[in-house]
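Colleague: Structure for the following, please:
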Amino acid sequence: MDVREAILRAVPVFQANQQASLWDIRDRLVEAGIPRALATDLIEFLPLALSRAALQGMGIGFKDYFIRVLPSGETLPPKKLADEPVFREGLAMAGEVRRGGRAGFLAVLQCSSEFVAVNNALNAGSKPENFEHAPQIIMTREDDPRSFTHPSKTAVKQERPWWRFWRG
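Modeller: Model (predicted):
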């Protein structure tokens with residue numbers, strides 16, 4: 001199954017399970033025939049991709065990378081979002097997903113912590129041009145079928161913490 005087909009199959013599952021946790025949605029995606037690793041990628045990156053598409057052009061300073069935290073608490077080096085197939089394809093398909101039905105599109109968006117935070121801030125009167133987002137943090141569970149033991153070849157150089165200005 002390719003990523004595009006998985007996304008098209010996933011949207012109705014998100015819509016049918018709006019009150020479920022992301023991990024329950026992952027289980028429903030697997031029941032719908034999506035391999036477990038791809039289903040996990042879908043719950044991590046599809047909401048984020050559609051969120052970025054929906055909020056594009058508002059002047060919000062989004063980071064183009066994410067940080068993965070393993071169950072042990074180990075933090076992996078930052079990795080570019082564009083290197084994740086589900087994020088990349090979800091961003092490219094956002095218009096198609098939206099045209100497929102507003103309810104499905106919104107169901108996926110509501111699973112994006114980034115979208116929910118921006119939406120809440122806008123509703124409270126904040127201006128989007130004043131937003132500066134931290135990188136997306138993705139927590140990995142013990143039952144994750146993917147392996148993250150080796151640092152990514154596409155890791156992003158971390159910014160030096162402001163409090164270590166004396167170190168180069």
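Colleague: what is the mean pLDDT for the longest helix that the chain contains?
Modeller: Assignment by DSSP state H gives helix 36-55 as the longest helix of the chain. The pLDDT scores in helix 36-55 average 96.
Colleague: What helices and strands are in contact with that helix?
Modeller: Counting contacts by 3 or more CB pairs under 8 Å, 6 or more residues apart in numbering; DSSP states H and E, helix 36-55 packs against helix 3-16, helix 22-31, helix 85-99, helix 102-109, helix 113-123. Quick note: C-beta positions are derived from backbone N, CA and C, even for glycine.
Colleague: Tell me which of these sits nearest to Thr40.
Modeller: helix 22-31 (5.8 Å; CB to CB).
Colleague: picking up where we left off before, just the buried residues of the helix or strand just after the longest helix of the chain, please?
Modeller: Next in sequence after helix 36-55, counting helices and strands by DSSP states H and E, comes strand 65-69. Of the residues in strand 65-69, Tyr65, Phe66, Ile67, Arg68 count as buried by neighbour count, 16 or more other CB atoms under 10 Å.
Colleague: try stretch 8-15
Modeller: Buried positions in stretch 8-15, judged by neighbour count with 16+ other CB under 10 Å: Arg9, Ala10, Val11, Pro12, Val13, Phe14.
Colleague: And for stretch 83-98?
Modeller: Within stretch 83-98, the residues that qualify as buried are Glu84, Val86, Phe87, Arg88, Glu89, Gly90, Leu91, Met93, Ala94, Val97, Arg98, counting by 16+ other CB under 10 Å.
Colleague: from the chain's centre, how far out does the longest helix of the chain sit?
Modeller: On the basis of CA atoms, centre = their mean, to the nearest Å, helix 36-55 sits 4 Å off its chain's mean C-alpha point.
Colleague: swap in stretch 85-93?
Modeller: A distance of 10 Å separates the centroid of the chain from that of stretch 85-93, by CA atoms, centre = their mean.
Colleague: Test my guess that Ala121 contacts Phe131.
Modeller: Yes. Counting by CB atoms under 8 Å, Phe131 is a contact partner of Ala121 at 6.9 Å.
Colleague: Can you add distance to Val30 and pLDDT and give the buried residues of stretch 8-15 back as JSON lines?
Modeller: Supplementary listing: the buried residues of stretch 8-15 in JSON lines, determined by distance: CB to CB, whole Å; pLDDT from 0 to 100:
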{"residue": "Arg9", "distance to Val30": "11", "pLDDT": "97"}
{"residue": "Ala10", "distance to Val30": "11", "pLDDT": "98"}
{"residue": "Val11", "distance to Val30": "16", "pLDDT": "98"}
{"residue": "Pro12", "distance to Val30": "15", "pLDDT": "97"}
{"residue": "Val13", "distance to Val30": "10", "pLDDT": "98"}
{"residue": "Phe14", "distance to Val30": "14", "pLDDT": "98"}
